[in-house]
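>>> Sequence and predicted structure are below.
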Amino acid sequence: MKSATSDLTILGGGLAGLTLALQVRQQLPTARITILEKRKHPAPEAAHKVGESSVEVGAHYFASVLGLKEHIVNEQLPKLGLRFFFPSGDNSRIEDRLEVGGRRYAPAPSYQLDRGRFENHLAERCLAEDIRFVDEANIKSFAIGRPHEVTYLRNGESISETSRWIVDASSRRAFIKRELGLEKDSPHVSNAVWFRIGKRIRVDDWSDDPEWQQGHEGELGRWYSTNHLMGKGYWVWLIPLGSGSTSVGIVAAEPHHSLSDFNSIDKAMAWLETHEPQCAAKVREHMDDLQDFLAIKNYSVESKQVFSADRWGITGEAGFFHDPFYSPGSDFIAFANTFLTNLITRDLTGRGIRIRSFAYDRIFKKFYYGTASVYHDQYQIFGNPQVMPVKVLWDYLIYWSLTGFIYMQGRMCEQTMYMRNLRKIIKLGNMNHFMQDFFREWHQKSTPTEAHGLINLSEMPIIKKFNEQLLEDFNSHQFSRIFKERVQQMETLMWEIIDESGLTPDVPFPRKEHADTVKGAFEHIFAATNRPSEPLVAVESR
Ligand SMILES: Cc1cc2nc3c(=O)[nH]c(=O)nc-3n(C[C@H](O)[C@H](O)[C@H](O)COP(=O)(O)OP(=O)(O)OC[C@H]3O[C@@H](n4cnc5c(N)ncnc54)[C@H](O)[C@@H]3O)c2cc1C
């Protein structure tokens, strides 16, 4: 029996564990950090894990906070934002579907990550930074204590080690959550399958209509986006990978679709033929290059607690995961790892963590549940071309106003920021919950009619402005001012959406008018989606 003592032992060396180690290393150059990972390295490219698409926070965390930009720019792919195609006819002509997406890269970048390639790079970086990365280490047990103790099997040998801090990054194995009885059922019941094809599948090639193709030449190809094919209760993803493969996924919520209808490659292809025949036909052309097929039932997971003053923590899917629709997994890794790095650094440099660990745990969960209402019970709206594009835009703007803005401004662990802006944060959160209920009500009371054309996000000033401001360097005074403006702007937008819908919400929200600059910001969307009988004047019509 060998033994070693670490300051920090991380259970599981996937995305969350490897990035946490690198972030802690930045703050503590001499800390003894160990990562125990069951799988053998290097990991295979393409057919490794899901979590390939990043949005602004995750992208900022990887590229800027962890300093991995060079690898990402050279070895991975840029992402031309999120792109959505809404139902039209039998979904056999992509050019007939209402499209929501940009024609230019947004100021705040995002990326498509081949997970095998990325984790191999992260592990190499860890080794180069004197982080002990032990692969083929199958963790068997652990005990929370002072110090904590972990036992794992490696090459047939049982090894026990002690550590001051222990962080669970083992994803669904969820060591700490299970051991401490912290599991919590998620009300969101949804399932997914995915597979990788060793070829590029480009939506750009699905139509030879020159007008439809215009503006997407070269590096502006639509295939650089995370493409979402939308339908009632489901969406299908198409994500390109730097290794040349394409990741394809079907995500569908109960009760609209049952996993047993698409949980093998044959059934998934039959399901695609029914709901997304054009996609099915394009995938079929490359079935010889099928690289894997995986399914997950009921992927939403929650935890009663994620950080403790007893020097343990949980990050990644070992704690919370709600839904992949807006690719938020990496964002929540960034949030958890940033809180944990702050706690571990404070503790190892002799500062207190009791109040902070309690506060961070509460804030993390508030952010999680604030985001959860965006997905929970909302899959029924996904195929509605009137309501869903408006919801998508609202969801973006809330994300860039609240969690995205706080994180990218580097203020996630700043107590004074919360004290100064608490009422505004709560108000934004309440408006969002209210609007999520409203979108559902609007959907239930509307009769969806087909809409066509393009809602070009690159041309919407409000999208550009909110996105650009993520990158600006605001001092705390400016931050609070912008935050206040955001609350007013979102409130204006909220009432514009409600007024446009013509509905009176079942549950009232106090009306307060603001004369501000975003009035009319959604006019083009309403024109494209809400008045199909009028001539189509989407931001860009075809
Ligand atoms: C369908 C679906 C789609 C998703 N799409 C996205 C997306 O597009 N973008 C996004 O950001 N997120 C996405 N996510 C979330 C994404 O999966 C997570 O962001 C990310 O993979 C979680 O990283 P992790 O480190 O927690 O888990 P992992 O990367 O899986 O790491 C956990 C590690 O623990 C190790 N481990 C397990 N048991 C043991 C043991 N006994 N001993 C030692 N090691 C062990 C495993 O080998 C593994 O390497 C998606 C999730 C789902 C379900």
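Yep, it's here. Numbers count the residues shown, from 1 in each chain.

>>> and the protein, which residues reach the ligand?
12-17, 36-39, 49-54, 58, 137-139, 169-171, 173, 192, 296, 299, 316-318, 321, 324, 327, 329-330, 333 (Cβ under 6 Å from any ligand atom). The C-beta positions use only the backbone N, C-alpha and C, and glycine is treated the same way.

>>> Just those: which are in strands?
Mapping these onto strands (DSSP state E) picks out 36, 138-139, 192, 296.

>>> Count the neighbours of the spatially closest residue to His71 that is not a sequence neighbour for me.
With Cβ to Cβ, 6 or more residues apart in numbering as the criterion, His71 has its nearest non-adjacent residue at 5.0 Å, and that residue is His121. Neighbourhood size, His121 [other Cβ atoms under 10 Å]: 19.

>>> Give me the three-state assignment for His121.
helix (DSSP: H, G, I helix; E, B strand; the rest coil).

>>> need the contact list for the nearest residue to Ser327 once chain neighbours are set aside.
Spatial nearest neighbour of Ser327, chain neighbours left out: Ser53 (4.2 Å); criterion: Cβ to Cβ, 6+ apart. With contact set as Cβ atoms under 8 Å, 6 or more residues apart in numbering, Ser53 has these partners: 79, 110, 112-113, 226, 237, 239, 327.

>>> can you map out the helices along the stretch 151-300 of the chain?
Ranges of helices within the stretch 151-300 of the chain are 175-179, 210-213, 265-275, 277-284, based on DSSP state H, counting those that start in this stretch.

>>> roughly how far out does the shortest one sit from the chain middle?
When you say that, I think you mean helix 210-213. Relative to its chain's centre, helix 210-213 lies at 30 Å (Cα atoms, centre = their mean, to the nearest Å).

>>> in that helix, what counts as buried?
Trp212 (16 or more other Cβ atoms under 10 Å).

>>> Quick check: which element contains Asn467?
Using DSSP states H and E, Asn467 falls within helix 461-469.

>>> I figured the residue nearest to His71 was touching Gln76, is that so?
No: His121 lies out of contact with Gln76 (Cβ atoms under 8 Å); the separation is 9.2 Å.

>>> Next one, pLDDT for the most centrally placed residue in the chain please.
Centroid check for the chain by Cα atoms, centre = their mean gives Pro328 as the closest residue, at 1.4 Å. If you check Pro328, the pLDDT there is 95.

>>> Ser541 too?
For Ser541, pLDDT reads 35.

>>> picking that back up, I'd like the contacts of Ser53 laid out as TSV, including neighbour count.
Formatted as TSV, those follow (neighbours: other Cβ atoms under 10 Å):
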residue	neighbour count
Lys79	25
Ser110	25
Gln112	23
Leu113	28
Thr226	27
Trp237	23
Ile239	26
Ser327	24
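
>>> sorry, back to before: for the residue nearest to Ser327, which residues count as its bridge partners?
Gln112 (DSSP bridges).

>>> Just the pLDDT at it, thanks.
On the pLDDT scale, Ser53 gets 97.

>>> what residue ranges in this structure score low on pLDDT?
Scanning the chain for pLDDT under 70 picks out 1-4, 512-519, 529-542.

>>> let's see it at 80
1-4, 448, 505-542 (pLDDT under 80).

>>> Throw the helices of the stretch 151-300 of the chain into JSON lines and include distance to Pro508, thanks.
Shown next, in JSON lines, are the helices of the stretch 151-300 of the chain (distance: least, Cβ to Cβ, whole Å):
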{"stretch": "helix 175-179", "distance to Pro508": "39"}
{"stretch": "helix 210-213", "distance to Pro508": "43"}
{"stretch": "helix 265-275", "distance to Pro508": "38"}
{"stretch": "helix 277-284", "distance to Pro508": "42"}
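
>>> Enumerate every residue touching Asn120.
41-43.

>>> now do Tyr375
By Cβ under 8 Å, 6+ apart, the neighbours of Tyr375 are 188, 190, 322-323, 325.
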